[in-house]
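>>> sequence unknown, structure follows:
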């Protein structure tokens with residue numbers, strides 16, 4: 001089986017491989033819409049939204065007496081107090097200190113954890129487990145797109161201002177209103193399931209999971225209970241737009257494609273893995289792949305770093321303490337500029353890159369250049385979404401500190417250079433400017449008021 005390193009050796013550079021890949025945006029293998037994406041977006045703001053997370057994520061089960069020290073050796077996070085019934089965001093870095101990615105980590109027993117998210121970090125964990133330095137084993141329950149085998153569990157997230165009332169009715173009594181990212185339990189249909197308290201779109205939410213054999217029965221009970229609360233199922237189109245509202249940078253470009261220290265991993269990772277097939281697109285172009293990498297502080301993960309343990313990337317991150325870094329912001333696009341892109345699709349003349357709604361993504365890793373109005377490069381955006389309840393196009397961006405203040409005017413360069421790339425998701429087009437105004441993140445006001453609280 002060809003490795004990622006062997007595949008890279010066939011190209012002039014990692015960027016050449018990534019920019020010519022035919023892969024499109026990350027897929028969510030659920031119906032695109034259950035009603036319409038606009039009302040599905042509105043549901044998590046005003047009523048109740050049911051997000052089916054059963055199929056699009058990789059579940060990695062890591063088990064053994066060394067499970068906590070093993071994961072701590074890979075993570076910038078501290079592990080004090082972690083154990084059964086605890087959850088945390090796991091952020092992994094390369095030796096250079098650049099982010100590889102993040103996943104959700106949940107303690108399911110004294111020596112068992114479940115790591116959930118996109119495939120990238122799961123592969124990094126598996127590789128390090130294979131080195132035999134710790135007494136752990138890994139069992140991978142692959143996302144549905146990468147396996148014909150049924151998933152082991154269902155996973156539902158219930159969001160919105162009326163979600164808690166609906167869930168307590170299903171539970172038959174009050175739920176433990178555990179704080180953000182705390183685990184608890186819920187009873188549905190006579191069965192008890194573990195829960196995780198968090199919010200994908202910024203509104204109050206609870207995620208719970210159980211054996212996949214219970215999928216249909218539990219979903220039926222949720223749909224029935226949700227009738228009086230205005231519940232809507234969220235399809236793939238709306239689901240992909242929730243990240244801008246919550247401010248989560250879900251498609252971090254992983255720092256795995258360069259650096260000699262990462263070569264053994266590239267030699268282990270199959271060429272047909274997600275990151276062996278991934279594509280890079282957008283208006284931001286550089287000849288240095290390191291310009292696509294992020295440090296934890298760039299993505300607001302600097303607050304998670306704990307230098308109380310040894311972990312991969314620690315020395316590099318210690319050397320960066322106190323140094324300037326980029327800031328994560330929301331960029332609200334001028335309506336007339338977005339309209340100009342849509343108008344260019346009609347009549348004669350050059351056409352801009354078509355903007356899919358609500359998520360204008362057309363590669364696995366989107367990168368659009370952000371500049372000042374005068375054209376000075378100041379950052380990148382990886383998410384451009386239309387938020388129907390606010391009637392606004394909003395980009396999640398990472399920009400230099402001197403332009404990160406709310407109210408700053410910036411420009412997102414929309415479309416690829418040289419008329420676009422040859423990927424199937426890209427048609428011939430010209431680049432067009434999208435002016436925008438910096439605001440905070442999460443973009444949703446309700447999210448800012450409640451995110452990580454309560």
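It's in. This one's a predicted model, so the numbers in the text were calculated from it and none came from an experiment.

>>> Next up, the contacts around the residue positioned nearest the centre of the chain.
Taking C-alpha atoms, centre = their mean as the criterion, residue 250 is the residue nearest the geometric centre of the chain, at 1.6 Å. In this structure, residue 250 makes contact with 118, 243, 383, judged by C-beta atoms under 8 Å, 6 or more residues apart in numbering. Glycine gets a C-beta too; all of them are placed from N, C-alpha and C.

>>> Filter those residues down to the ones in strands?
Under the assignment DSSP state E, the contacts of residue 250 contribute residue 383 to strands.

>>> can you redo the contacts of residue 250 as CSV with pLDDT?
Listed next are the contacts of residue 250 as CSV, based on pLDDT from 0 to 100:
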residue, pLDDT
118, 91
243, 84
383, 90
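
>>> I'd like the contacts of residue 250 as TSV, with distance to residue 184 appended.
Below are the contacts of residue 250 laid out as TSV (distance: C-beta to C-beta, whole Å):
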residue	distance to residue 184
118	25
243	25
383	30
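
>>> so which of the contacts of residue 250 is the most crowded?
Tallying neighbours with other C-beta atoms under 10 Å puts residue 383 at the head of the contacts of residue 250, with 24 neighbours.

>>> so residue 224 sits in a strand?
No - Residue 224: not assigned to a strand; according to DSSP: H, G, I helix; E, B strand; the rest coil it is helix.

>>> From residue 48, how far off is it?
Going from residue 224 to residue 48 by C-beta to C-beta, to the nearest Å gives 13 Å.

>>> More neighbours: these two, which one.
Taking residue 224 and residue 48 together and counting by other C-beta under 10 Å, residue 48 has the greater number of neighbours (27 against 11).

>>> ok, that one touching residue 229?
Yes - assessed by C-beta atoms under 8 Å, residue 48 is found in contact with residue 229 at 4.7 Å.

>>> Now for those two: what residues contact both?
Counting by C-beta under 8 Å, 6+ apart, the common neighbours of residue 48 and residue 229 are 162-163, 166.

>>> Put together TSV for the residues you listed, with pLDDT and neighbour count on each row.
TSV is the format used below for the shared contacts of residue 48 and residue 229 (pLDDT from 0 to 100; neighbours: other C-beta atoms under 10 Å):
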residue	pLDDT	neighbour count
162	94	21
163	94	25
166	96	23
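
>>> So which of those belong to helices?
163, 166 (DSSP state H).

>>> got the shared contacts of residue 48 and residue 229 as JSON lines, with distance to residue 336 columns?
As requested, the shared contacts of residue 48 and residue 229 are arranged in JSON lines below (distance: C-beta to C-beta, whole Å):
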{"residue": "162", "distance to residue 336": "36"}
{"residue": "163", "distance to residue 336": "36"}
{"residue": "166", "distance to residue 336": "40"}
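
>>> and which of the shared contacts of residue 48 and residue 229 is nearest residue 416?
Looking at these and their distance to residue 416, the nearest is residue 163, at 39.6 Å (C-beta to C-beta).

>>> What is the helix or strand residue 44 falls within packed up against?
Residue 44 is part of helix 37-46 when elements are defined by DSSP states H and E. Helix 37-46 is packed against strand 231-234, helix 236-239, with contacts defined by 3 or more C-beta pairs under 8 Å, 6 or more residues apart in numbering; DSSP states H and E.

>>> Okay, buried residues for the helix or strand following it please.
Later in the chain than helix 37-46, the nearest helix or strand by DSSP H and E is strand 48-52. By neighbour count on 16 or more other C-beta atoms under 10 Å, the buried set for strand 48-52 is 48-52.

>>> Take these and write them to a markdown table, including distance to residue 150 and pLDDT.
Output for the buried residues of strand 48-52, formatted as a markdown table (distance: C-beta to C-beta, whole Å; pLDDT from 0 to 100):
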| residue | distance to residue 150 | pLDDT |
| --- | --- | --- |
| 48 | 27 | 97 |
| 49 | 25 | 96 |
| 50 | 21 | 97 |
| 51 | 20 | 95 |
| 52 | 15 | 95 |
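
>>> Those: which two are farthest apart?
Farthest-apart pair in the buried residues of strand 48-52 is 48 and 52; separation 13.6 Å (C-beta to C-beta).

>>> Are we agreed that residue 213 is in a strand?
No - with three-state DSSP as the criterion, residue 213 is located in helix rather than a strand.

>>> how far away is residue 172 from residue 50?
Counting by C-beta to C-beta, the separation of residue 172 from residue 50 is 19 Å.

>>> likewise residue 42?
Here the distance between residue 42 and residue 50 works out to 14 Å (C-beta to C-beta).

>>> so where's this structure uncertain?
Per-residue confidence of the chain (counting by pLDDT under 70) places the weak regions at 177-178, 199-204, 444-454.

>>> need the contact list for the residue of it positioned farthest from its centre.
Each residue of the chain has a distance to the centre, and by C-alpha atoms, centre = their mean the biggest one is for residue 348: 37.9 Å. Contacts of residue 348 were listed using C-beta under 8 Å, 6+ apart, and none were found.

>>> where's the closest residue to residue 256 other than its chain neighbours relative to residue 286, distance?
Setting aside the residues directly before and after it, residue 256 is nearest to residue 262 in space (C-beta to C-beta, 6 or more residues apart in numbering), at 5.5 Å. For residue 262, the distance to residue 286 (C-beta to C-beta) stands at 19 Å.

>>> can you give me the helices in the stretch 51-200 of the chain?
Residue ranges of the helices in the stretch 51-200 of the chain, as given by DSSP state H, counting those that start in this stretch, are 67-72, 119-130, 163-171.

>>> on that earlier part again, what distance do you get for the residue farthest from the centre of the chain to residue 432?
When distance is defined by C-beta to C-beta, residue 348 is 16 Å away from residue 432.

>>> Would you mind naming the helix or strand containing the residue nearest to the centre of the chain?
Assignment of secondary structure by DSSP H and E places residue 250 within no helix or strand.

>>> Now do the same for residue 256: helix, strand or coil?
Using three-state DSSP, the secondary structure recorded for residue 256 is coil.

>>> same check, this time on the one 10 residues further on
Three-state secondary structure (criterion: three-state DSSP) places residue 266 in helix.

>>> Which residue is the nearest non-sequential neighbour of it?
In space, not counting the residues next to it along the chain, residue 266 is nearest to residue 5; the distance is 3.9 Å by C-beta to C-beta, 6+ apart.

>>> Quick one: neighbours of that neighbour, just the number.
By other C-beta under 10 Å, the residues close to residue 5 number 18.

>>> before we move on, what about residue 164?
Using other C-beta under 10 Å as the criterion, residue 164 is surrounded by 18 other residues.

>>> Same question for residue 173.
Burial of residue 173 is recorded as 7 neighbouring residues (other C-beta under 10 Å).

>>> Residue 267 too?
Neighbours of residue 267 (other C-beta under 10 Å): 12.
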